[in-house]
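Novice: just a sequence and a predicted model for now, questions to come.
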Amino acid sequence: MKALKSDSVLGDIWGGTAAMLVALPSAIAFGVTIFSALGSQFGAQGAVAGILGTVALGLLAPMFGGTNRLISAPCAPAAAVLSAFAIEFMGRGGSPELGLLLLALMGLLSGGLQLIMGGLKLGGLIKYMPYPVVSGYLSGVGMIIIGSQLPRFLGTPKGVNFLGALTSPGLWRWQGMAVGGATIAVMLLAPKVTKKVPAPVLGLVAGILTYLALGLFDPALMTLAGNSFVVGALGGGGGGLLETFSARWSALGDLGFGALRDLVVPALTLAVLLSIDTLKTCVVLDALTRTRHDSNRELIGQGLGNLAAAALGGVPGAGTMGATLVNMSSGATTRLSGLIEGIAALIAFALLANLISWVPVASLSGILLVIGVRMINWSSLGFLKSRSTILDFAVILAVIACALSISLIVASGVGVVLAVFLFIREQVHGSVVRRIASGDQTFSKRVRVQDEMDILAERGNQTAIVELQGSLFFGTTSQLFHALEADLKTRRYLILDMRRVQSVDITAAHMLDQIKDMLGERHGVLIFSQIPKHLPSGKDMEQYFDQLGLVRSGHPVRMFGEVDEAMEWAEDQIIAEAALPDNEESLLELPDIELFKDRKKETLIELEKSMETREVKAGETIFSIGDHGDELFLIRKGTVRIVLPLAGGHVRHLATFGKGSFFGEMAFLDGEARSAEAVAFTDAHLYVLSRKGFDAFADAHKKVGLTLMEGLASVLASRLRYTNAELRALEG
Ligand SMILES: Nc1ncnc2c1ncn2[C@@H]1O[C@@H]2COP(=O)(O)O[C@H]2[C@H]1O
């Protein structure tokens with residue numbers, strides 16, 4: 001046990017360290033991107049902010065969030081939202097000092113919003129954000145990053161936009177392109193050679209080496225002052241880390257209400273994007289490691305991490321996919337790995353702080369270009385191939401277009417609205433009726449005597465069993481009505497199997513009410529079975545029907561827990577109406593039992609002597625699963641249910657036996673333990689035949705003994721057939 005534990009700690013240490021190596025170069029690049037939007041002199045401060053964000057998130061998110069193996073660090077959506085904000089702010093003539101403060105406040109606000117989202121348990125909702133929307137805006141973020149990085153990669157002066165940069169080769173600076181190109185090439189090729197060192201680290205090293213090599217020929221590259229090729233000295237104005245930190249918060253006094261108000265929308269966008277990014281990673285982790293994360297708790301952890309990151313002046317972030325996957329494949333198993341990643345980032349910061357000034361900007365752009373291209377969901381182009389998914393593709397395109405031309409928050413709003421339309425369209429076109437069966441072909445598990453079966457074969461078609469699926473709402477109501485129209489005219493018992501129904505709105509409930517009235521006019525009954533207790537919406541459907549007055553007493557409506565019970569009830573009604581002469585109250589004698597029909601009276605008197613009789617009260621257990629006993633039970637009066645106890649206290653109803661049927665034949669035949677539980681459903685009278693009693697009797701009456709055995713064999717065969725049919729229905 002101890003060895004196992006130290007193994008797992010070792011795995012976490014390896015995982016956390018490797019994950020830090022993946023996360024840190026990107027975090028530095030994100031920080032530089034965001035901060036240099038305020039002015040190129042803030043590059044180094046951006047790099048430090050990236051590292052501080054990694055440290056804060058690494059230390060706090062695993063402690064309070066707690067999803068095993070998750071690595072949290074600054075991420076691309078944060079870079080996209082914050083740099084867009086900074087560019088716009090500077091464009092309006094803002095001062096860089098105030099810009100810095102606003103960036104930090106935005107981080108604080110979005111961390112706080114994540115805390116609230118976690119507290120309000122919105123994690124589940126965010127997790128179920130429609131796929132085309134998430135895919136669309138991650139692609140949008142990817143494109144925004146490419147758009148902002150390409151000019152830097154090409155080395156065009158500040159203010160030249162993406163198209164301008166691409167179309168003016170005269171402005172390109174080859175040194176930067178060589179450094180960025182080397183970074184990209186190594187990042188793409190390195191994983192083919194080694195997986196031991198993460199590709200971004202190798203890419204960065206390649207970029208730095210290329211830069212140093214160029215510096216051998218061009219001494220200007222080796223001076224820090226006024227050199228726009230590198231991140232540059234810390235502190236912009238020349239001060240150290242502490243001065244820049246305190247200067248930022250001292251600007252708080254200059255802040256107006258208007259500036260704060262402008263923060264709310266981007267902060268909300270940021271909080272939602274970071275939460276989606278985190279929960280998307282958690283869902284993938286769950287699938288890979290067969291675990292379950294707690295979305296709301298994770299949001300709280302992320303919120304606290306981002307609050308700390310922003311308070312320190314760091315870049316906010318999320319549970320990121322790349323670093324998390326590296327963590328997992330390096331052997332991490334617990335959340336300790338996340339913590340170790342934070343500590344490792346802190347150590348790296350202490351060791352590397354002085355070298356940060358020399359990191360080439362083009363190398364960081366190279367890393368970001370690769371990240372941006374990878375964020376674009378190229379596989380969604382496959383949606384174009386099939387007509388059924390072409391509209392999903394349109395949603396993705398619309399989201400990307402809005403993300404690029406308006407803003408990310410508008411993009412997500414547009415995406416959600418479009419996705420809702422798509423959902424409605426799909427529901428309207430898909431069928432809500434899965435299958436309709438007729439009561440003269442499909443029967444309940446109640447084992448009935450031949451006379452009763454004959455009645456059901458003849459009149460069972462008064463019952464229709466309708467399996468419903470999906471959402472019953474205004475979009476599908478008329479479809480449902482048309483599907484049932486013919487049955488409503490001919491059937492008296494309409495069983496609606498609700499187990500696959502996801503929701504019922506007021507329009508559909510009203511239609512069900514009308515169906516009830518139509519059946520009621522012909523003395524029929526509307527029967528619901530297996531109404532889901534909790535719908536995904538959290539609504540209690542049974543209670544809802546009750547509130548709408550659909551199930552008032554005196555109305556021709558009934559509800560059953562299982563479709564089988566509903567079928568049995570409808571069958572009982574049909575049989576009762578056919579009024580068989582044999583009423584339920586009388587006690588069956590041996591000669592009346594089908595198994596012994598046409599046997600000599602004396603023989604049966606003899607057989608009866610080998611048997612006992614027993615009376616059981618309704619609800620009494622006759623035997624339990626696993627009990628020892630070899631008696632065969634014949635029912636003289638009443639009904640007995642056979643149920644199979646399942647895990648978690650659930651039971652599965654296997655069969656109901658009535659007068660004239662028998663049960664317990666399996667243990668009677670093979671001497672093994674009872675295979676299921678038998679419970680009296682009503683008060684019942686039984687004949688009990690032990691194996692010993694039977695053997696003694698069969699010695700003297702070979703023919704009757706054989707008939708009984710044949711009877712048992714044929715019943716076993718028919719049960720096996722039934723089970724096969726059920727298996728087919730389940731698989732189908
Ligand atoms: N799948 C089934 N369908 C109908 N009856 C069953 C099924 N499984 C078990 N039983 C009955 O339940 C009884 C439980 O005790 P025995 O195993 O002696 O004999 C069993 C059968 O009579």
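Specialist: Looks like it arrived, so ask away.
Novice: test my guess that Leu274 contacts Ala318.
Specialist: Yes. The pair Leu274 and Ala318 qualifies as a contact (C-beta atoms under 8 Å) at a distance of 4.2 Å. For the C-beta atoms, the positions are set from N, CA and C on the backbone; glycine is no exception.
Novice: joint contacts of these two?
Specialist: Each of 75, 77-78, 302 lies in contact with both Leu274 and Ala318 under the rule C-beta atoms under 8 Å, 6 or more residues apart in numbering.
Novice: of these, which is the nearest to the ligand?
Specialist: Gln302 (50.1 Å; C-beta to the nearest ligand atom).
Novice: identify the residues contacting the closest one.
Specialist: Counted by C-beta under 8 Å, 6+ apart, Gln302 has contacts 57, 61, 65, 72, 111, 114, 118, 274-275, 278, 318-319.
Novice: among these, which lie within helices?
Specialist: Counted as lying in helices by DSSP state H, out of those, are 57, 61, 111, 114, 118, 274-275, 278.
Novice: close to the ligand: what parts of the stretch 451-600 of the chain are there?
Specialist: By the rule C-beta under 6 Å from any ligand atom, no part of the stretch 451-600 of the chain lies against the ligand.
Novice: for the stretch 451-600 of the chain, which residue gets nearest to the ligand?
Specialist: For the stretch 451-600 of the chain, C-beta to the nearest ligand atom, closest residue to the ligand: Asp564, 11.9 Å.
Novice: which strands and helices sit next to whatever helix or strand that residue lives in?
Specialist: If you go by DSSP states H and E, Asp564 is part of helix 563-578. Helices and strands touching helix 563-578, by 3 or more C-beta pairs under 8 Å, 6 or more residues apart in numbering; DSSP states H and E, are helix 450-459, strand 463-472, strand 493-504, strand 525-529, strand 557-560, strand 651-657.
Novice: after the fourth one, which helix or strand is next?
Specialist: Moving toward the C-terminus from strand 525-529, the first helix or strand encountered (DSSP H and E) is helix 541-547.
Novice: buried stuff in that following helix?
Specialist: 541, 544-545 (16 or more other C-beta atoms under 10 Å).
Novice: kindly export that helix (C-alpha atoms) in CSV.
Specialist: The C-alpha trace of helix 541-547 is given here as CSV (Å, rounded to 0.1, in the frame of the first residue of the first chain):
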residue,chain,number,x,y,z
MET,A,541,-43.2,15.1,-14.6
GLU,A,542,-45.7,13.3,-12.4
GLN,A,543,-46.1,16.4,-10.2
TYR,A,544,-46.4,18.5,-13.4
PHE,A,545,-49.2,16.3,-14.8
ASP,A,546,-50.9,16.6,-11.4
GLN,A,547,-50.7,20.4,-11.4
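Novice: who touches it?
Specialist: With C-beta under 8 Å, 6+ apart as the test, helix 541-547 has contacts from 498, 501, 504, 509, 528, 531-533, 535, 551, 559.
Novice: dump the residues you listed into TSV; add distance to Gln462, pLDDT and neighbour count as well.
Specialist: Shown next, in TSV, are the contacts of helix 541-547 (distance: C-beta to C-beta, whole Å; pLDDT from 0 to 100; neighbours: other C-beta atoms under 10 Å):
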residue	distance to Gln462	pLDDT	neighbour count
Met498	21	93	22
Val501	24	89	22
Val504	26	85	26
Ala509	25	86	19
Phe528	18	94	24
Ile531	23	87	22
Pro532	27	82	17
Lys533	30	75	10
Leu535	31	64	16
Val551	22	73	18
Met559	19	90	19
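Novice: which one of these is nearest Phe89?
Specialist: Using C-beta to C-beta, Leu535 comes nearest to Phe89 of those, at 45.1 Å.
Novice: could I get the helices and strands packed on helix 563-578 as TSV with distance to Glu485?
Specialist: Shown next, in TSV, are the helices and strands packed on helix 563-578 (distance: least, C-beta to C-beta, whole Å):
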stretch	distance to Glu485
helix 450-459	22
strand 463-472	12
strand 493-504	12
strand 525-529	15
strand 557-560	19
strand 651-657	32
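Novice: and the ones you listed, which one is worst for confidence?
Specialist: Lowest mean pLDDT within those: strand 651-657, at a mean of 85.
Novice: what about the spatially closest residue to Gly147 that is not a sequence neighbour, distance to the ligand?
Specialist: Closest residue in space to Gly147, ignoring its immediate chain neighbours: Phe162 at 4.5 Å, by C-beta to C-beta, 6 or more residues apart in numbering. Taking C-beta to the nearest ligand atom, to the nearest Å as the measure, Phe162 and the ligand are separated by 69 Å.
Novice: so who does the residue of the stretch 451-600 of the chain closest to the ligand touch?
Specialist: Contacts of Asp564 (C-beta under 8 Å, 6+ apart): 444-445, 653.
Novice: possible to save those as CSV with neighbour count and distance to the ligand?
Specialist: Converted to CSV, these look like this (neighbours: other C-beta atoms under 10 Å; distance: C-beta to the nearest ligand atom, whole Å):
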residue, neighbour count, distance to the ligand
Ser444, 24, 12
Lys445, 18, 7
His653, 16, 10
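Novice: quick one: which of the residues you listed is nearest Leu339?
Specialist: Closest to Leu339, out of all of the contacts of Asp564 and judged by C-beta to C-beta, is His653, at 50.3 Å.
Novice: most widely separated two among the ones in helices among the contacts of Gln302?
Specialist: Checking the ones in helices among the contacts of Gln302 with C-beta to C-beta, the most distant pair is Leu57 and Gly118, at 15.1 Å.
Novice: neighbour count: the two, which is higher?
Specialist: Leu57 (36 against 24; other C-beta atoms under 10 Å).
Novice: Ala73 is in contact with the more buried one, correct?
Specialist: Yes. Between Leu57 and Ala73 there is a contact at 5.8 Å, judged by C-beta under 8 Å.
Novice: mutual contacts of the two, please.
Specialist: Joint contacts of Leu57 and Ala73 (C-beta under 8 Å, 6+ apart) are Gly317.
Novice: ok, the residue nearest to Arg599 when sequence neighbours are not counted - contacts?
Specialist: With C-beta to C-beta, 6+ apart as the criterion, Arg599 has its nearest non-adjacent residue at 5.8 Å, and that residue is Val704. Val704 makes contacts with 596, 599, 603, 607, 697-698, as judged by C-beta under 8 Å, 6+ apart.
Novice: now, those residues that are in helices?
Specialist: 603, 607, 697-698.
Novice: any quick PyMOL command for the buried ones out of those?
Specialist: Here is the PyMOL command that picks out the buried ones among the ones in helices among the contacts of Val704, judged by 16+ other C-beta under 10 Å:
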select buried, resi 603+607+697+698
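Novice: which of the ones in helices among the contacts of Gln302 ranks first by neighbour count?
Specialist: Taking other C-beta under 10 Å as the neighbour criterion, Leu57 ranks highest of the ones in helices among the contacts of Gln302 with 36 neighbours.
Novice: OK, contacts around that one?
Specialist: The contact partners of Leu57, taken as C-beta under 8 Å, 6+ apart, are 72-74, 302, 305-306, 308-309, 316-317, 342.
Novice: in those residues, find the pair that's most separated.
Specialist: Every pair of the contacts of Leu57 checked by C-beta to C-beta; the farthest is Pro316 and Gly342, at 14.5 Å.
Novice: can you pull the poorly scored residue ranges out of this protein?
Specialist: For the chain, applying pLDDT under 70 flags the ranges 1-6, 127-129, 234-254, 409, 534-539, 579-584, 729-732.
Novice: can you list the buried residues in the lengthiest helix in it?
Specialist: Scanning the chain for the helix with the most residues, using DSSP H, yields helix 2-36. Using 16+ other C-beta under 10 Å as the test for burial, helix 2-36 gives 8, 11-36.
Novice: alright, calling it a day.
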